[in-house]
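Trainee: structure here, sequence nowhere to be found:
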């Protein structure tokens, strides 16, 4: 399967248009049609209907494989490119918003660094494809357990921080005076859905001891990336939130009650292409050493 043809097919399927795909890829519409036809001939299956332009059942199944296949190719190109490239004096870091806390920020170089906030799921892919030299990704896990990350490429993940978690609620809430809270007791409460700024509700449902996929109803969705704003929304009574204890503490009108069960922590990991951590010089290696010191 020619990855060049596969990229063209994925673009046509995503845009539902041969002409739009041609403009995005910089090809003629005829070339795009030829690419798709060549891929269909190679696989012996129709992948797209033409009017309207939409994936066939076989085409939809191919799309399930295509993202991982193309990312692996990009990762191999980025990895091999390190052997030919001259040493870099700059550092680019892709990070999920909650992974940017005092410990990780203090390890950044004083100059020559670019930090780009991305959704959690995009950070491993950005490192694998060479869009970033390093990644910082966060999530919840049992103490000392690694995060469950997508297998997008040979990545080396190193834990750099673990913090206690706290339920954030209004200071006037009946539970605000508790010394600790159990997640299972809060499954029927109304929660803030903030995939970037807090612990995603899907992760809470995954660790909840009750029926799979049940509980943790959304009261309000926050699509921003600022966890302090999320805590302020919780303080105003719009719903509960789960945040790292240091972030949740000190927000006016909010109470941060430690989560005591299940035993979970907020974990941050450094992601590098496998082998990068063996470099003895350069900003990537220095950043890695400072994070782990």
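Mentor: Nice, I can see it. All of these numbers come straight from a predicted model, not from anything done at the bench.
Trainee: quick check: residue 36 touching residue 8?
Mentor: Yes: here residue 36 reaches residue 8: they are 6.4 Å apart, a contact under CB atoms under 8 Å. The C-beta positions use only the backbone N, C-alpha and C, and glycine is treated the same way.
Trainee: so what does residue 158 have for phi and psi?
Mentor: Torsion angles at residue 158 (phi, psi; degrees, to the nearest 10) stand at phi -130, psi 130.
Trainee: which residues does it form a beta bridge with?
Mentor: Judged by DSSP bridges, the bridge partners of residue 158 are residue 270.
Trainee: now do the contacts for it.
Mentor: 269-270, 272, 277, 288, 291-292 (CB atoms under 8 Å, 6 or more residues apart in numbering).
Trainee: what's the answer for residue 59, then?
Mentor: Taking CB under 8 Å, 6+ apart, one finds 9, 13, 46-48 in contact with residue 59.
Trainee: what average pLDDT does the helix or strand encompassing it get?
Mentor: Assigned by DSSP states H and E, residue 59 falls within helix 57-84. The pLDDT scores in helix 57-84 average 83.
Trainee: from the contacts of residue 59, which land in strands?
Mentor: residue 48 (DSSP state E).
Trainee: most neighbours out of the contacts of residue 59, which is it?
Mentor: residue 9 (25 neighbours; other CB atoms under 10 Å).
Trainee: now that one: how far from residue 66?
Mentor: Distance, residue 9 to residue 66, by CB to CB, to the nearest Å: 7 Å.
Trainee: next: residue 226.
Mentor: From residue 226 to residue 66 the distance is 34 Å (CB to CB).
Trainee: ok, the two, which is more surrounded?
Mentor: residue 66 (18 against 13).
Trainee: correct me, but the more buried one touches residue 6?
Mentor: Yes: the criterion here is CB under 8 Å, and residue 66 meets it with residue 6 at 5.7 Å.
Trainee: how many neighbouring residues does residue 287 have?
Mentor: Around residue 287 there are 22 residues (other CB under 10 Å).
Trainee: still on that earlier bit, which pair in the contacts of residue 59 spans the largest distance?
Mentor: Pairwise distances across the contacts of residue 59 peak at 12.7 Å for 13 and 46 (criterion: CB to CB).
Trainee: what's near enough to touch the residue nearest to residue 79 when sequence neighbours are not counted?
Mentor: The shortest distance from residue 79 to any non-neighbouring residue, by CB to CB, 6 or more residues apart in numbering, is to residue 273 (5.4 Å). Residues near residue 273 by CB under 8 Å, 6+ apart: 75, 78-79, 82, 127-128, 130, 153-156.
Trainee: and residue 107, how far from residue 136?
Mentor: Per CB to CB, residue 107 is found 10 Å from residue 136.
Trainee: now swap in residue 77 and tell me
Mentor: Residue 77 is 23 Å from residue 136, by CB to CB.
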